[in-house]
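Colleague: Give the three-dimensional model of this entry:
(one chain, ligands or ions: 1)
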Amino acid sequence: MKFFIDTANLDQIREANDLGILDGVTTNPSLMAKEGISGYNAVMQHYIDICNIVDGDVSAEVISTDYDGMIKEGEALAALHPNIVVKIPMIKDGIKAIRYFSDKGIKTNCTLVFSAGQAILAAKAGATYLSPFVGRVDDISWDGIDLIAQIVNIYQNYDVETQVLAASIRNPLHIVQCAEVGADVVTCPLSAILGLLKHPLTDIGLQQFLADHAKASK
Ligand code: E4P
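Modeller: A predicted model of the protein is given here:
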């Protein structure tokens, strides 16, 4: 399973990349706004900065909701760096845009996915990645992991090449559950990735080893 970090914060991207386990980055307009990145040139430069840190796919989301606008924006984003993946919302014109980019060999990430039907449509259009939002499904008391499992199963039935990129990950347990049901990628906040490290027995055991070593060395 590939690990992406879901942030536009350069320090967090560097920290995750330094762990040696990072395969890519996802951003969205809210995450860019959170970092105070606004204005066309600043946004474009920020994507280049991210690509210069991580050697892997970097999702950059279009703001347009009409076909022509998405094509224009997506082509400009894709021209920034070979690792840019054009992130496109799951709407009618979005599906048409995904087909356009797929035919041109430009990678896409279909975002704001909440159902298996949407997943089937995005795969038919040739999306490289599909982003079902686990946490937001959980937020309305449905089961986000069940949705990932359902989509993985459907894609396996037909050897679909679209990769299931589990998004809206909120905690380390989500990551483990995504691995159990066969997600291709998880995109997570840094806190969820670091949460995987934690186990009290590891801390207690290490303390004991160090104390015993210190005693024996006296
Ligand atoms: C990633 O591609 C999504 O935009 C993101 O994971 C959404 O996460 P959230 O539901 O925590 O905002």
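Colleague: List the buried residues in stretch 15-30.
Modeller: 16-17, 22-28 (16 or more other Cβ atoms under 10 Å). Where you see a C-beta, it was placed from the backbone N, CA and C, and this is true even at glycine.
Colleague: Kindly apply the preceding question to stretch 66-80 instead.
Modeller: If you call a residue buried by 16+ other Cβ under 10 Å, then stretch 66-80 has these buried ones: 67, 70-71, 73-74, 77-78, 80.
Colleague: In CSV: the buried residues of stretch 15-30, plus secondary structure, pLDDT and distance to the ligand.
Modeller: Below are those laid out as CSV (DSSP: H, G, I helix; E, B strand; the rest coil; pLDDT from 0 to 100; distance: Cβ to the nearest ligand atom, whole Å):
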residue, secondary structure, pLDDT, distance to the ligand
A16, helix, 98, 14
N17, helix, 98, 18
L22, coil, 98, 15
D23, coil, 98, 14
G24, strand, 98, 11
V25, strand, 98, 10
T26, strand, 98, 4
T27, coil, 98, 8
N28, coil, 98, 4
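Colleague: just checking: which of the buried residues of stretch 66-80 also lie near the ligand?
Modeller: Among these, none lies close to the ligand by the criterion of Cβ under 6 Å from any ligand atom.
Colleague: Which of the residues you listed sits closest to S217?
Modeller: Proximity of those to S217 (Cβ to Cβ) peaks at L80, which lies at 54.6 Å.
Colleague: Just give the number of residues close to L210.
Modeller: Neighbour count of L210, defined by other Cβ atoms under 10 Å: 10.
Colleague: cool, the one 5 residues further on as well?
Modeller: The tally of other residues near K215 (other Cβ under 10 Å) stands at 8.
Colleague: my hunch is that it is in a helix, does that hold up?
Modeller: Yes. Counting by DSSP: H, G, I helix; E, B strand; the rest coil, K215 is part of a helix.
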